[in-house]
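Quick one, what's the 3D model for this:
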Amino acid sequence: MLTQRTVLRSLTLLGVVAASTCSPAREDRPRTSPWNAGPSLPQPITNNAVAAVESDGRVSVFSFLGLDSTKVWSGVTNAAYRWDVGDDAWREIDPVPGPGRLASTAHTVGGLIYVFGGYTVAEDGSEKSVPDVNVYDPVTESWSRVADIPVPTDDAAAGIWRGDHIVLVSGWHDTGNIRDVQIYHPATDIWTASTPIPGAPVFGHTGAVVGDQVVYVDGAAIVEASPRFVMDSTSWTGTLSGVVEPSIEWTEATRHPGPPLYRSGAATVGGLALFVGGTDNPFNYDGVGYNGTASVPLRQVLAYVAATEEWRYLPALPVATMDHRNAGVAGGQIFVVGGMLEGQRVSDQVWLATSSGLLADGRQ
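Numbering: from 1, shown residues only. Reported below is the predicted structural model:
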């Protein structure tokens with residue numbers, strides 16, 4: 001049986017697009033881009049989970065799972081790739097255990113990479129959220145598995161709290177969106193439920209954790225009357241407290257400039273939450289919107305300054321891109337890997353910038 005995300009694709013999308021009055025003027029943009037091209041992936045991959053690790057002064061970048069250039073159900077892969085920065089090429093490593101899947105997220109804690117959730121796609125188009133949490137050790141190059149996500153979730157926003165807790169916010173579970181906030185503690189292998197989000201439950205939203213503050217924006221919500229998917233144009237922040245029984249005090253945040261964002265790449269750099277690319281038209285995994293219109297990627301990098309609750313534009317990538325889960329951050333560098341370009345072209349491109357170079361220019 002087809003899920004709502006597949007069936008509702010032909011229905012009309014009622015998008016809410018915020019007009020931007022804060023676009024940086026041409027003369028304010030840096031003359032030299034801080035972004036540089038890295039070696040291409042072994043194959044084009046989109047909707048992949050990305051992570052980076054620094055060990056003994058060496059940075060390694062990883063791509064897990066995702067969808068290949070066929071953009072059909074059989075192109076959903078469990079492939080995994082590694083690039084040791086400074087080497088000429090990526091190399092294939094042992095695949096992620098279990099089936100290929102989309103909309104997973106990956107985060108690094110204590111030198112280990114945790115790959116959370118995602119959903120599988122069957123030949124008949126049916127989708128299933130998976131509870132899997134797979135752990136990759138870059139030193140031994142081996143996989144293990146830890147406690148399942150209590151409510152299997154895909155397309156969730158995520159971030160690292162206090163260096164050793166991983167927070168999953170909202171997302172899709174099997175047949176609909178959930179309000180759940182689920183926090184995993186690797187040291188104890190225990191999940192804890194925290195304060196649910198107060199706004200509409202969404203999938204494909206983008207978020208990060210900065211200090212004790214979790215922030216996420218937009219995403220696709222469901223209007224039950226039709227039903228149909230719509231872009232939710234809301235930004236939220238929440239203050240985390242209480243490690244044993246964590247709670248969150250949620251507040252609607254200052255609306256970010258520009259259109260609402262769906263499947264933008266997320267990262268935390270210093271006191272900033274970064275949002276790389278994305279689109280204002282929610283789409284199925286082939287890049288075509290649920291309204292039947294091809295989604296168009298954005299060429300921008302937005303940053304939320306947690307301390308002052310302000311938004312800034314940072315230097316954009318040389319290309320417009322969308323369909324990201326998260327960016328990798330390690331060793332003072334930021335990595336954007338794969339994704340989808342204009343014309344629904346699955347990308348093998350890799351872009352990197354130093355944190356200092358990226359943050360040197362930004363306009364409020």
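
drop to CA atoms for contacts and neighbour counts, all remaining ones
OK.

any idea how far Gly211 lies from Ser241?
Here the criterion is Cα to Cα, to the nearest Å. By it, Gly211 lies 11 Å from Ser241.

show me the contacts for Ala49.
Applying Cα atoms under 8 Å, 6 or more residues apart in numbering to Ala49 gives the contacts Ser63, Phe64, Leu65, Gly66, Ala103, Ser104, Thr105, Ala106, Val115, His324, Arg325, Asn326.

Give me the buried subset of the residues you listed.
Ser63, Phe64, Leu65, Gly66, Ala103, Ser104, Thr105, Ala106, Val115, His324, Arg325, Asn326 (16 or more other Cα atoms under 10 Å).

returning to what we had before: which residue of Gly211 and Ser241 possesses the greater neighbour count?
When neighbours are counted by other Cα atoms under 10 Å, Gly211 comes out ahead of the other of Gly211 and Ser241, with 18 against 14.

Next, the contact list for the more buried one, please.
Trp161, Arg162, Gly271.

go again using 7 Å as the cut-off
Gly211 makes contacts with Trp161, Arg162, as judged by Cα atoms under 7 Å, 6 or more residues apart in numbering.

How about Val214?
Taking Cα under 7 Å, 6+ apart, we find Val214 in contact with Ala208, Thr237, Gly238, Thr239.

ok, 6 Å please
Ala208, Thr237, Gly238 (Cα atoms under 6 Å, 6 or more residues apart in numbering).

in stretch 354-361, what counts as buried?
Buried residues in stretch 354-361, defined by neighbour count with 16+ other Cα under 10 Å: Thr354, Ser355, Leu358, Leu359, Asp361.

Lowest-confidence member of these, which is it?
Across the buried residues of stretch 354-361, the smallest pLDDT goes to Asp361, namely 64.

I'd like the buried residues of stretch 354-361 as CSV, with secondary structure and distance to His173 appended.
Supplementary listing: the buried residues of stretch 354-361 in CSV, determined by DSSP: H, G, I helix; E, B strand; the rest coil; distance: Cα to Cα, whole Å:
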residue, secondary structure, distance to His173
Thr354, strand, 36
Ser355, helix, 34
Leu358, helix, 35
Leu359, helix, 36
Asp361, coil, 39
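
nearest to Ala316, of those?
The closest of these to Ala316 turns out to be Leu358 (Cα to Cα; 9.1 Å).
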